[in-house]
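Novice: the following comprises the amino acid sequence and a computationally predicted model.
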Amino acid sequence: MKSSSPSLGDSVVHATAATTTKRSRARYLIVALLFIVSMLNNADRAILSITGTEIQSSLGMDAITLGYLFSSFAWAYMLAQIPGGWLIDRFGSKRVYGGAIFLWSFFTLLQGFVPILGVGAAMVALFVLRIAVGLAEGPTYPNNSRVVSAWFPSSERATASAIFNSAQYAAAVVFTPLMGWLTHAHGWPAAYIVMGVLGMVIALGWMALFHFPTRHPRANPAEVEYIRAGGGMVDMDSAPSAKNEPAVQTWACLKELLGNRMLLGVYIGQFGITTIVYFFLTWFPIYLIKGLNMPIMSAGFVAAIPAVFGFLGGVLGGVVSDWLLKRGHSVTFARKSVIVVGMLLSMSIVLCNWAGTNQNLVILCMTLAFFGKGVGSLGWTVVADTSPKEAAGLAGGLFNTFANAAGITTPIVIGYLVQSTGSFDGALIYVAANALLTIFSFLFIVGPIKRVQLRRSAQEQAE
């Protein structure tokens, strides 16, 4: 009678089958799912940039108050990064992320109903709900990086990360015209209501479609083994409460990560990159409307032009980085060279100061800057390359905490610059200077890029 236990011969047969069977491509479905959710995420955080001028008019806000409203999201989002990453490591990506999508969409929906409260209360409610959206979105990018670490070998990781990261540009292409039209045709609350309902539907889709490699019904053993052999952490959520593995001590782990020079350099560089992101997410449409005197409908469509090239640059940067890796270059060169070239291109944003009110020339410079920013947006790839397996969510949360400090500073600094000077010239110089900061950090602080191995002190079981 055949034994129920696998024999050595069975293991050999299974291993051989895994290497000879045609690999499934479930990982592509996963990155498509990350892209869709990330596109919704970026649209919901950027919705204020489209509706901002109408909200200013209806609630009587000045530029500084609007800047603080922009940053209220970023304060909460930044503070939610480490708790969000910890929750993902503790309870898994499927449940935590599904709940997060539903919550931030629900809070977005509620913003569409604040006008019924009256001007004063509506302004307070907007601040509170923007904070709530920021808190709920906390797990987003730590989760994305964690999923890519599990689902993709290192030679495909930059492309996969670039795809979900490029969702910020796709969001501008797909949703900026839609939100601009809703605001123009039906009033600014309509944009929040539509986006909120759409997000709650997508949350249900996430719960139905997402699984990790070893449990995905469409991932065959050949694909799982291919990912594992290439450095993918396929078993990340297979046994989240396993007793034979030491638990990660949160504070000891954070202390160790913060003491790592490579990671600190990555964090500083990402702060500079994210400054560029938040300019485009917050003040760019208002720059078009007030700085170039564009109607809101035109601004919505024009804002999508640089975003298209940002998307193309984002995908190109990931593809080129993975191509360099496959050609035999080190991970360090493959990641750093692309980041530096991208940031050099993004500094072209400052040329808009010499373009005056020439709309075509301004859009050309903005398009080049956004393309360069897309090319250089490999921060999350570096996180996937360097995060310790046992604390991938926590490491991603710490990274994004530093990055989104720029979400606090950028809207406020630009608000003061615009209010005090009456122009956007200083704001564009500020954005270009942060691109230069990123170049400096990756060239002179980061050093070799490699995966962090936690010391025993960060992994010991609590007594």
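Specialist: Now that the structure is in, tell me what you want to look at.

Novice: switch to C-alpha atoms for all contacts and neighbour counts from now on
Specialist: Will do.

Novice: correct me, but residue 72 touches residue 133?
Specialist: No: contact criterion Cα atoms under 8 Å: residue 72 and residue 133 do not qualify, at 9.7 Å.

Novice: neighbour count winner among the two?
Specialist: residue 133 (26 against 23; other Cα atoms under 10 Å).

Novice: okay, now the residue nearest to that one when sequence neighbours are not counted: neighbour count?
Specialist: Nearest non-adjacent residue to residue 133, counting by Cα to Cα, 6 or more residues apart in numbering: residue 104, 4.7 Å away. For residue 104, the neighbour count with other Cα under 10 Å is 26.

Novice: give me the element residue 104 is part of.
Specialist: Secondary structure from DSSP states H and E places residue 104 in helix 93-111.

Novice: just after that helix, pick out the following helix or strand.
Specialist: Under the assignment DSSP H and E, the closest C-terminal helix or strand after helix 93-111 is helix 119-136.

Novice: buried sites along that following helix?
Specialist: Across helix 119-136, burial judged by 16 or more other Cα atoms under 10 Å covers 122-123, 125-136.

Novice: tilt between the helix or strand that that helix is followed by and helix 93-111?
Specialist: In the C-terminal direction, the helix or strand that comes right after helix 119-136 (DSSP H and E) is helix 140-151. If you take axes from the mean of the first three to the mean of the last three Cα atoms, to 10 degrees, helix 140-151 sits at 150 degrees to helix 93-111.

Novice: starting at the chain centroid, how far to helix 140-151?
Specialist: How far helix 140-151 lies from its chain's middle: 10 Å, per Cα atoms, centre = their mean, to the nearest Å.

Novice: next one: stretch 64-82
Specialist: That offset, for stretch 64-82, works out to 15 Å (Cα atoms, centre = their mean).

Novice: ditto for stretch 311-327
Specialist: 17 Å.

Novice: and that stretch, which residues are buried?
Specialist: Buried-residue list, stretch 311-327, by 16+ other Cα under 10 Å: 311-325.

Novice: what secondary structure does residue 423 sit in?
Specialist: Secondary structure state of residue 423, per DSSP: H, G, I helix; E, B strand; the rest coil, is coil.

Novice: distance of the closest residue to it other than its chain neighbours from residue 259?
Specialist: Leaving out its chain neighbours, the residue that sits closest to residue 423 by Cα to Cα, 6+ apart is residue 291, at 7.0 Å. Look at residue 291 and residue 259: by Cα to Cα, to the nearest Å, they are 43 Å apart.

Novice: one more: residue 345?
Specialist: 31 Å.

Novice: of those two, which one has the most company?
Specialist: Each of residue 345 and residue 259 has its neighbours counted (other Cα under 10 Å); residue 345 has more, 21 against 11.

Novice: what residues are up against that one?
Specialist: Shown in contact with residue 345 (Cα atoms under 8 Å, 6 or more residues apart in numbering): 368, 369, 371, 372, 373.

Novice: sec struct for the spatially closest residue to the fourth one that is not a sequence neighbour, please.
Specialist: What that stands for is residue 372. Leaving aside its chain neighbours, residue 372 sits nearest to residue 342 (4.2 Å; criterion: Cα to Cα, 6+ apart). Classification of residue 342 by three-state DSSP places it in helix.

Novice: in this structure residue 342 contacts residue 378, no?
Specialist: No: assessed by Cα under 8 Å, residue 342 is found out of contact with residue 378, at 9.7 Å.

Novice: which residues do those two both contact?
Specialist: The contact sets of residue 342 and residue 378 overlap at residue 317 (Cα under 8 Å, 6+ apart).

Novice: poorly predicted segments of this protein, please.
Specialist: 1-20, 237-248, 296-297, 300, 456-463 (pLDDT under 70).

Novice: any idea which residue sits dead centre in it?
Specialist: residue 141 (4.8 Å; Cα atoms, centre = their mean).

Novice: I'd say that residue and residue 396 touch.
Specialist: Yes: Residue 141 lies in contact with residue 396 (Cα under 8 Å); the separation is 7.3 Å.

Novice: run a quick neighbour tally on the residue lying closest to residue 172 once chain neighbours are set aside.
Specialist: Using Cα to Cα, 6+ apart and skipping residues adjacent in sequence, the residue nearest residue 172 is residue 304, 5.5 Å away. Neighbours of residue 304 under the rule other Cα under 10 Å: 22.

Novice: what is the burial count for residue 251?
Specialist: Neighbours of residue 251 (other Cα under 10 Å): 10.

Novice: three-state assignment of it?
Specialist: The three-state assignment at residue 251 reads helix, by three-state DSSP.

Novice: please state the offset of stretch 114-124 from the chain centre?
Specialist: With Cα atoms, centre = their mean, you get 31 Å for stretch 114-124.
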